[in-house]
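Peer 1: got a predicted structure here, sequence first:
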Amino acid sequence: MIRHCLRLVWNRKRTNLLVTLEIFFSFLVVAAVVVTASHYVGLYRQPLGFTIDDVWIVRIDTNTGDLEPTPALNAATIEQMRLLDAAVREFPEVIAAARGFAAPYVDSQWINEVEHSGRHIPYNVNMVTDDYHRVFGLRVTRGRWFSAEDDAAATIEPTVINERFAAEVFGTDNAIGKVIPQDARRDGTRPPERRVVGVIEEFRQLGDFTTPGNYAFLRHRPSAAPDGQVPTAMLIKVRPGTTTAFEERLARRFHDVARGWSFEFQRLDELRAASHRDTLGPLVAEGVIAAFLLLMVALGLTGVMWQTVTQRTREIGLRRANGAAARRVKTQILLELTLMASVAIGLGVLVVVQVPLLEIVGGIPGRAYVTGLVISAAAIYLLTMACGWYPSRMAARIPPAEALRYE
Amino acid sequence: MILHYLKIALKVLARRKFFTAVSLFGIAFTLVVLTVATAIIDHAFAPMAPEVHQDRTLIVARAMMRGGHAMWRSDPGYLLLDRYARNLPGVERFSISSSPRTAYSYIQGNRIQSVLRRADADFWRILQFDFREGAPFTSDDVTQARFVAVVNESTRAKFFGSSRAVGREIEVDGQRFRVVGVVVDVSRLRPVPFADVWVPLTTAKSDSYKSQLLGGFMGMALMADGASPVAINQELASRLRRAELPDPKLWKQLYAPLETTLELYSRQVFGVDEDAESPAGRLWALMLGAALLFMLLPAVNLVNLNVSRILERTSEIGVRKSFGAPVRALVAQFLVENLVLTLAGAALAFVLAQIVLSGITASGLLPYAQLHVNYRVFLAGLALAGVFGFLSGVYPAWRMSRLNPVQALKGAVR
């Protein structure tokens, strides 16, 4: 049956080529959307490492620009920050408050590299104060989080890293107490040793739809005078049900404490919603356009198949006259369509597979391609079957006598 | 002749209503997507108020400082613009304004989020805002650092409802300003003029911005008629080569170009930092390529439908061929038919596109955007429809002209 159908398809190759081409392009469109979607689903299902319920962020702008701070300016900034840290704790609505360079869903990254067995492994660095883990409910799996016992060590920089980073650099060894290798500074001196004191489960700063990476927390101590920059993102965990009225009081207090500074207040759930919108918005738009394209293709294919069946009335009538059952005729039409769809999907898969092979678009794991392609292929088979359904029924209903009368 | 073709075309289209409807749906949908995209691009780049002198306006929105080991990329700082970009030959006016930033106000337990821009008086002379109330702040206000503000209509509505705003006070980012003017909302897609609240540069909370080469500001130059952007850029570059850099051991070179919005955008898209040749042409090519790629599937779909429809008309074509109709005439006839169909689809598409655009405007996805099918979008849409009609008509027309008249008359078609 299949061989026979193949010959029939081949005999009408010019018309069928166009149909195949149309199915091929449709497959590419579906695959593009579905592969992206399955990539996002895969990312969304991985653990995030933090919770952001009732966490507010205050981005502090010292209005001194990006220039390297002088020691005098830095001392003033640190003193002012200390006053803000104290001010925020006066409010009973505040459960915990911390500062960091970066916060979840805030696109600001500080990336370092560690050289390990000839490979450069990039990792994100974030310098935070001690309460940061309380604000976000970070889960420490080994060792401990920063605490006052780190105050004593002047020459080492206590570091907390995520499991992924620990596994990548230290393998199955226990990472606690190990040092993350660093290059010497530009002036030749050695930076303080980054010694691992704890390992946390995960911290995916940029959120649910980003590829998980390596992460390291360094400790910022407001009391010690650092020579670098000062973390300016204040994270506040408030009691559930806290309203904007509190934000207004907090803003007034902050403006009073630090008169020359500006503050930007945001809720992390709003930032998360914005980040989701930015990621999923284009995908939804593409999905809607793809859906309309498919509807158009479905109607078009139905029309073409209908026309084909009308043209082949005589051929089909002859088959029926020779004793073919209506069911067999129907199967024949659908099988022909399936063969064309298979050729189109085969070609489509070959084309789509080039994307990861030639690394045209990076960052999407092979799994997403496999899932995406399987789903796309199923969708296209379903679509073509739906298009062929009515025309094939029409073909099966052709009365042999009427068809043969044409001869 | 054309009239005759048109008549046949309409007859044919009316005969198979399902096919016509399906074709129209495909064409209209394709053109709706393209028209909506065109309208958004038009809205972002075409000259419109307040950027009425867009053809003569150059902006400085990127700056770079480079040394042996380091590179610092940012928006330019006040010092760079004030010391080096003022009084360039060929520039009529020069304005410095801060990069927009989010600021908050609180009214009775509600929060108002607005975008704040600190600007000078020339900002209002280069950009022609449409004032609903009052007037812009003056150069006197700027030098005296008066706490006055111009707000847009949406901000007025948030603070004062429907009543007049001029003379009343607003508190933004912990500072109190007296409103002196109200302007019509400007779309967020226009990064040069966009903001909700504009206040004098000198009301900044700290003076430290005056000593910074990089960060936080934008320059805007209005060229004299006939001035050459290349010459102006060369002059600025040569001044910057002689600039005093903060740490000469670390930093060697300062760079900040004057460019149009389109150049700025295309450089961001292609990641080209300092090429003399602007990649704006490449950006247009990319957009056109994307449009063609998008048209591919709908075109194949329409080709399929058209081929089916031709095969149905075999006997008509057979008759015409046997009476001596040349191939050219048949091809022309079919192309006309297809163009009629495409243009009908385009007419439908313009109506639908306007509905979609009103929907986008109403949804607030693009803040303050007022999207329309204007004459530029209309012309671009027509051109795209023409290309689409041609793409989807050529192959079926060729197939039609190739039919063998004898077989066609017998009705046997492969």
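Peer 2: Right, received. Where do you want to start? Residues are numbered from 1 along each chain as shown, chains lettered A, B, ... in the order given.

Peer 1: what's the nearest residue to A:Ile200 if we skip its chain neighbours?
Peer 2: Spatial nearest neighbour of A:Ile200, excluding adjacent residues (Cβ to Cβ, 6 or more residues apart in numbering or on different chains): A:Leu138 at 5.0 Å. In short, each C-beta sits where N, CA and C put it, glycine included.

Peer 1: hmm, that neighbour is touching A:Thr51, no?
Peer 2: No: using Cβ atoms under 8 Å, A:Leu138 is not in contact with A:Thr51; the gap is 9.3 Å.

Peer 1: hang on, the earlier thing: what's near enough to touch the residue nearest to A:Ile200?
Peer 2: A:49-50, A:132, A:145, A:200-201, A:203 (Cβ atoms under 8 Å, 6 or more residues apart in numbering or on different chains).

Peer 1: one more pass at 10 Å, please.
Peer 2: Counting by Cβ atoms under 10 Å, 6 or more residues apart in numbering or on different chains, A:Leu138 makes contact with A:49-51, A:128, A:132, A:145, A:160, A:162, A:198, A:200-203, A:217.

Peer 1: all helices of chain B, in order?
Peer 2: Counting by DSSP state H, chain B has helices at residues B:2-15, B:17-45, B:78-80, B:122-126, B:139-143, B:153-160, B:229-241, B:261-270, B:280-312, B:314-322, B:327-363, B:375-401, B:405-410.

Peer 1: how about the fourth one: buried residues?
Peer 2: Within helix B:122-126, the residues that qualify as buried are B:122-124, B:126, counting by 16 or more other Cβ atoms under 10 Å in any protein chain shown.

Peer 1: how about the longest one?
Peer 2: Neighbour-count burial for helix B:327-363, with 16+ other Cβ under 10 Å as criterion, is recorded at B:330-346, B:348-350, B:352-354, B:356-357, B:361.

Peer 1: do you know how far B:Leu13 is from B:Ser23?
Peer 2: The gap separating B:Leu13 from B:Ser23 is 9 Å, by Cβ to Cβ, to the nearest Å.

Peer 1: cool, and A:Val88?
Peer 2: On the measure of Cβ to Cβ, A:Val88 and B:Ser23 end up 65 Å apart.

Peer 1: residues contacting residue 354?
Peer 2: I'll assume chain A. Shown in contact with A:Gln354 (Cβ under 10 Å, 6+ apart): A:Ile360.

Peer 1: oops, chain B please
Peer 2: By Cβ under 10 Å, 6+ apart, the contact set of B:Gln354 is B:32, B:35-36, B:39, B:371-373, B:377.

Peer 1: pLDDT score assigned to it?
Peer 2: Looking at B:Gln354, its pLDDT is 93.

Peer 1: ditto for A:Ala224
Peer 2: 66.

Peer 1: just the one 3 residues further on next, same as before
Peer 2: In this model, A:Asp227 is scored at 61, pLDDT.

Peer 1: so how far is chain A from the nearest residue to B:Ala9 once chain neighbours are set aside?
Peer 2: Nearest-residue entry for B:Ala9: B:Glu337, 4.0 Å, with adjacent residues in sequence omitted and distances by Cβ to Cβ, 6+ apart. Shown here: B:Glu337 relative to chain A, a distance of 16 Å by Cβ to the nearest Cβ, to the nearest Å.

Peer 1: list the contacts of B:Glu337.
Peer 2: B:5-6, B:8-13, B:306, B:309-310, B:389, B:393, B:396-397.

Peer 1: show me what counts as buried in the helix or strand hosting A:Phe25.
Peer 2: Using DSSP states H and E, A:Phe25 maps to helix A:13-44. Across helix A:13-44, burial judged by 16+ other Cβ under 10 Å covers A:15-16, A:18-40, A:42-43.

Peer 1: swap in stretch A:158-171?
Peer 2: By 16+ other Cβ under 10 Å, the buried positions in stretch A:158-171 come out as A:158-166, A:168-170.

Peer 1: and of the residues you listed, the nearest to A:Ala245?
Peer 2: Ranked by distance to A:Ala245 (Cβ to Cβ), those are led by A:Val160 at 35.7 Å.

Peer 1: assign that closest one to helix, strand or coil.
Peer 2: Secondary structure state of A:Val160, per DSSP: H, G, I helix; E, B strand; the rest coil, is strand.

Peer 1: hang on, the earlier thing: out of A:Val88 and B:Ser23, which sits in the busier spot?
Peer 2: Taking other Cβ atoms under 10 Å in any protein chain shown, A:Val88 and B:Ser23 do not tie; B:Ser23 has more neighbours (27 against 21).

Peer 1: wait, the more buried one sits on B:Thr342?
Peer 2: Yes: judged on Cβ atoms under 10 Å, B:Ser23 makes contact with B:Thr342 at a distance of 8.9 Å.

Peer 1: anything in contact with each of these two?
Peer 2: B:302, B:392.

Peer 1: what is the neighbour count of residue 189?
Peer 2: Answering for chain A, as no chain was given. 7.

Peer 1: my question was about chain B
Peer 2: 16.

Peer 1: got the contact list for the closest residue to it other than its chain neighbours?
Peer 2: Leaving out its chain neighbours, the residue that sits closest to B:Leu189 by Cβ to Cβ, 6+ apart is B:Ala44, at 4.4 Å. Counting by Cβ under 10 Å, 6+ apart, B:Ala44 touches B:187-191, B:261-262, B:265, B:366, B:369.

Peer 1: need the contacts of A:Leu138 in CSV (columns: pLDDT and secondary structure).
Peer 2: Putting the contacts of A:Leu138 into CSV (pLDDT from 0 to 100; DSSP: H, G, I helix; E, B strand; the rest coil) gives the following:
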residue, pLDDT, secondary structure
A:Gly49, 92, coil
A:Phe50, 93, coil
A:Thr51, 92, coil
A:Val128, 93, strand
A:Tyr132, 94, helix
A:Trp145, 94, coil
A:Val160, 95, strand
A:Asn162, 93, strand
A:Gly198, 94, strand
A:Ile200, 95, strand
A:Glu201, 94, coil
A:Glu202, 94, coil
A:Phe203, 94, coil
A:Phe217, 95, strand
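
Peer 1: who does B:Gln253 bridge with?
Peer 2: Beta bridges link B:Gln253 to B:Arg66 when assigned by DSSP bridges.

Peer 1: any idea how far it is from A:Phe27?
Peer 2: Distance from B:Gln253 to A:Phe27, by Cβ to Cβ: 51 Å.

Peer 1: which residues of the stretch 151-300 of chain A lie near chain B?
Peer 2: Residues of the stretch 151-300 of chain A lying near chain B by Cβ under 10 Å from any Cβ of the partner chain: A:186, A:243-249, A:251-252, A:254-256, A:258-266, A:270, A:277, A:281, A:285, A:288-290, A:292-300.
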